[in-house]
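> Fold the following and give me the result.
(chains A and B, ligands or ions: 1)
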Amino acid sequence: MRFQLTEEQRALRDTVRQLLVRRFDDEALRAAVEAPVLDRGLWRELGAAGFFALRLPEADGGVGLGPAEAVLAFEEAGRALLPGPLLATHLAAGAVPGAADGSVVVAAVDGSGLVEWLTQADVVRGDAHGAVPLRSVDPLTPLHRVPEAAGAAVVTGVRGATRPPGAKGSRTPPHAEPAPLGAADPTAVLLTAAEQLGSAARICELAVQHARTRTQFGRPIGAFQAVQHLCAQMLVRVEVARAAVYAAAVTADPVDIAAARLLADEAAVRGARDCLQVHGGMGFTWEAEVHLHLKRAWVRTHRAGGGTESEELLAQDLSTGVDGHGAGLRTR
Amino acid sequence: MDLSYTPEEEDFRERLREWLGKVLPTLPPKPSPDDWPARRAYDLGWQRMLYDAGYADVHWDASPTMRLIFLEETEKAGAPYVGANFVGLLHAGPTIAAEGTAGQRARWLPPILRGEEVWCQGFSEPDAGSDLAALRTRARRDGDDYVVSGSKIWTSHAEVADWCELLVRTDPEAPRHRGITWLAMPMDAPGITVRPLRTLAGSAEFAEVFLDDVRVPIANRVGDENDGWRVTMVTLSFERGTAFVGEVVACRRVLGELARQARANGRWDDPVLRRRLGRLNAEFRALWRLTQWNVSEAEASGRVPGVGGSVFKLRYSHARQELYDAAADVLGTESLDLDRPWVLDRLSSLSYTIAAGTSQIQHSIVAERILGLPKGR
Ligand SMILES: Cc1cc2nc3c(=O)[nH]c(=O)nc-3n(C[C@H](O)[C@H](O)[C@H](O)COP(=O)(O)OP(=O)(O)OC[C@H]3O[C@@H](n4cnc5c(N)ncnc54)[C@H](O)[C@@H]3O)c2cc1C
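Presented below is the predicted three-dimensional model:
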């Protein structure tokens, strides 16, 4: 068993990180917050770097890598707060011409009835008819709601699941039965968890940096146990989530993926809250980066079925354990 | 990233499973938790069986992955855990192996491996718990011996131990960490009084140990005089490595049993409880993955798992308490009946955030040694 990043995986992670540091620095982030307009140049660069085509087979013009590599790339995106419908475009590679190389921006209607970046996308997957904008809590994620689809079983993002023309009448009616468990695309859940992980790791670093440098009562606040323990808890959440997310990428098991999602959501949301606390009044400002992580983390928790569906899937797994032990005691 | 095992590792697993299938039915019935002599005999007997089958030194010499497989398979098969062999196999033994002389290794290690001698750990004192370096048990040289006086507390298995890994103060003038020495004390030496302490779970798992001019040969010192703090740190790093592998496997089994129980008594229809169990499933899956991650890291770096174990221990001890709290919710009023399964486990889970470094201390370790925050106050 060698459950560690390989040399190639480390290199891939570093490449994505460097690209994002170079092309999406602090200044670019600030600019994007004030005017959330997609940077098409950056989008094409991401395409050229293989961000969208990462899992597409080489025969189809893709990079031919697996979910593990995609997870590392999305982790970096989450870390950098990279805006745009990254997930929808990535999932559209191979199905929507131009998605793979970044020349076409793809948005998608999520099972929650929300669409991220609708008006700036070139192609929309799923039926966004009647979508109305809402004043998004996250300044870096424009959101629309598709009224009829709210909470219903709209299958999205799955390669090839784009609704055929004229299928509009098949839209799920309001108050329909909830989607069956596992209806959410596991890949969408996994990559969302990866973004949460990246964000969680970043805010832990931000908190630690601040705790080392901010001085009160004549010493760095990081010398106070109350602050130390907040930071330690952030790290613990990150490390547990990391193991869960990476393992889910290796096994691609929907139950592992559901677990990864819960741990990563927790690490990102609670981590951002704690990071905010460590920053004091500064944490409550528009200026500090913290709120952007918190708000984006909130948006991600609603994607692809949300945490409730993951909890139900994991509960179901307990009583249908595969090897008679319950609890799905498979170890690989 | 690879979660598959090598053919060699799979082969090890296969042979172990086969062996467990053969020997476990031949084990005598588990003794009552209150019968310490019987527990001692049972735990030593199991270690002897491991020795005869070539598995005795799996905690010391096997690769971290082999150790993981061993702990996973023995737990799944329902084999006994280390029990009274805990300190010998996971604390004192590894310390002697790393820091002892050839003569000391030859004297103390084989009886641990063969299941002949039980060790206990005499570190904590009434006034030195989290602040271990405040320990005051005094040792003075007299001829070829140290003469030791003081008292230890919370000493697990003291009643049935043959040896005690003892921390004593040999230089009261030196800075706290530099006046401590590590001794192997025979538990039958004159001057030792063991008074069992009853835990909140009802049984006597640990004891107070009073030392009144106990003579311990200088030859029983491991490491240099006044170098015991460093020697001790070697021991503690073993404690936080793979110590909980079997327990995580066991917790996942319990979770499955809880789900079945909840279905049987109707609690499953409560979505809040059901999702809570689902969340615990995520939690223990993640802890299992973190174990695999840490083991792979130890294997790749060739080092014993270090402070990373604190991250695991913090989360695991909390999760274990959550698990048994959820069990109580599944049981309802039956959770007040000590004869129901999980009720005693719920009680013993309360020690997990205290023993082997409290959660507060572990948080500080993570903050200072992993995150590099300034020393706390
Ligand atoms: C089941 C069990 C078995 C044990 N077995 C053994 C054994 O075999 N051998 C042995 O030597 N010891 C053993 N111990 C002892 C164990 O290591 C100590 O109980 C533990 O280190 C805590 O010390 P204490 O009990 O003195 O608590 P204290 O150190 O007095 O702690 C009391 C409270 O204060 C907090 N606290 C203390 N210092 C700080 C600080 N600096 N910052 C923040 N909070 C702080 C603690 O977190 C805790 O909440 C065992 C304990 C248990 C529960």
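
> Residues of the stretch 101-250 of chain A that sit close to the ligand?
Counting by CB under 6 Å from any ligand atom, the stretch 101-250 of chain A comes close to the ligand at A:Gln225. Every C-beta, even on glycine, is put in place using the N, C-alpha and C of the backbone.

> how about low-confidence regions in the stretch 101-250 of chain A?
Applying pLDDT under 70 to the stretch 101-250 of chain A flags the ranges A:148-183.

> Let me see the ranges of the strands in it.
With DSSP state E, counting those that start in this stretch applied, the stretch 101-250 of chain A shows strands at A:106-108, A:114-116, A:123-125, A:132-134, A:143-145, A:215-216, A:219-220, listed in chain order.

> Of all these, which one is nearest B:Ser310?
Closest to B:Ser310 of the strands of the stretch 101-250 of chain A is strand A:219-220 (CB to CB; 21.4 Å).

> is stretch A:63-70 up against chain B anywhere?
Yes - using CB under 8 Å from any CB of the partner chain, stretch A:63-70 reaches chain B at A:Ala68.

> now the end-to-end length of that stretch.
End-to-end distance for stretch A:63-70, by CA to CA, to the nearest Å: 11 Å.

> for that stretch, the distance to its chain's centre please.
Offset of stretch A:63-70 from its chain centre (CA atoms, centre = their mean, to the nearest Å): 16 Å.

> and for that stretch, what are the contacting residues?
Stretch A:63-70 is contacted from outside by A:9, A:12, A:50, A:53-58, A:90, A:187, A:190-191, A:194, A:246, A:249-250, A:252, B:1, using CB atoms under 8 Å, 6 or more residues apart in numbering or on different chains.

> From those residues, which land in helices?
Those of the contacts of stretch A:63-70 mapping onto helices are A:9, A:12, A:90, A:187, A:190-191, A:194, A:246, A:249-250, per DSSP state H.

> Break the chain into its domains for me.
By default, I'm working from chain A. A:7-176, A:186-324 (automatic domain parsing).

> my bad, the chain I had in mind was chain B
If you go by automatic domain parsing, the domain ranges for chain B are B:7-113, B:119-227, B:245-370.

> Can you say which of those domains is nearest to A:Cys275?
Judged by CB to CB, the one of these that comes nearest to A:Cys275 is domain B:245-370, at 14.4 Å.

> Figure out the helix or strand that the residue lying closest to A:Glu76 once chain neighbours are set aside lives in.
Closest residue in space to A:Glu76, ignoring its immediate chain neighbours: A:Val16 at 4.2 Å, by CB to CB, 6 or more residues apart in numbering or on different chains. Using DSSP states H and E, A:Val16 falls within helix A:7-23.

> That helix packs against which elements?
Packing partners of helix A:7-23 (3 or more CB pairs under 8 Å, 6 or more residues apart in numbering or on different chains; DSSP states H and E): helix A:40-49, helix A:67-80.

> rewinding a little: now tabulate the domains of chain B in TSV and tack on mean pLDDT.
Formatted as TSV, the domains of chain B follow (pLDDT from 0 to 100):
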stretch	mean pLDDT
domain B:7-113	94
domain B:119-227	97
domain B:245-370	93
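
> Deepest-packed of the strands of the stretch 101-250 of chain A, please.
Highest mean neighbour count among the strands of the stretch 101-250 of chain A (mean count of other CB atoms under 10 Å in any protein chain shown): strand A:106-108, with a mean of 28.

> burial count for the residue in the stretch 201-350 of chain B that the ligand sits nearest to?
For the stretch 201-350 of chain B and the ligand, the shortest gap (CB to the nearest ligand atom) falls at B:Phe206, measuring 5.1 Å. Burial of B:Phe206 is recorded as 22 neighbouring residues (other CB atoms under 10 Å in any protein chain shown).

> before we move on, back to that, closest to chain A out of the domains of chain B?
Of all the domains of chain B, domain B:245-370 sits nearest to chain A, with 1.9 Å by CB to the nearest CB.

> Remind me which helix or strand the closest residue to B:Ser317 other than its chain neighbours belongs to.
Distances taken as CB to CB, 6+ apart put B:Tyr352 closest to B:Ser317, at 3.7 Å, once the chain neighbours are dropped. Under DSSP H and E, no helix or strand contains B:Tyr352.

> do the same with B:Ala328
Assigned by DSSP H and E, B:Ala328 belongs to helix B:308-331.

> Remind me what that helix packs against, helices and strands.
On a contact count with 3+ CB pairs under 8 Å, 6+ apart, helix B:308-331 meets helix A:225-251, helix B:245-265, helix B:271-301, helix B:343-349, helix B:359-365.

> Tell me which residues of that helix come out buried.
B:308-324, B:326-331 (16 or more other CB atoms under 10 Å in any protein chain shown).

> okay, that helix in PDB with CA atoms only?
Below are the C-alpha coordinates for helix B:308-331, written out as PDB (Å, rounded to 0.1, in the frame of the first residue of the first chain):
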ATOM      1  CA  GLY B 308       1.000  13.300  13.100                       C
ATOM      2  CA  GLY B 309      -0.400  10.700  15.600                       C
ATOM      3  CA  SER B 310      -1.700  13.600  17.700                       C
ATOM      4  CA  VAL B 311      -3.900  14.700  14.800                       C
ATOM      5  CA  PHE B 312      -5.300  11.200  14.600                       C
ATOM      6  CA  LYS B 313      -5.700  10.700  18.400                       C
ATOM      7  CA  LEU B 314      -7.600  14.000  18.800                       C
ATOM      8  CA  ARG B 315     -10.200  13.200  16.200                       C
ATOM      9  CA  TYR B 316     -10.400   9.500  17.100                       C
ATOM     10  CA  SER B 317     -10.900   9.900  20.800                       C
ATOM     11  CA  HIS B 318     -13.700  12.400  20.100                       C
ATOM     12  CA  ALA B 319     -15.300  10.200  17.500                       C
ATOM     13  CA  ARG B 320     -15.300   7.200  19.800                       C
ATOM     14  CA  GLN B 321     -17.200   9.100  22.400                       C
ATOM     15  CA  GLU B 322     -19.700  10.300  19.800                       C
ATOM     16  CA  LEU B 323     -20.200   6.700  18.600                       C
ATOM     17  CA  TYR B 324     -21.200   5.500  22.100                       C
ATOM     18  CA  ASP B 325     -23.300   8.500  22.700                       C
ATOM     19  CA  ALA B 326     -25.100   7.600  19.500                       C
ATOM     20  CA  ALA B 327     -25.400   4.000  20.700                       C
ATOM     21  CA  ALA B 328     -27.100   5.400  23.800                       C
ATOM     22  CA  ASP B 329     -29.600   7.200  21.600                       C
ATOM     23  CA  VAL B 330     -30.300   4.000  19.700                       C
ATOM     24  CA  LEU B 331     -30.800   2.100  23.000                       C
END
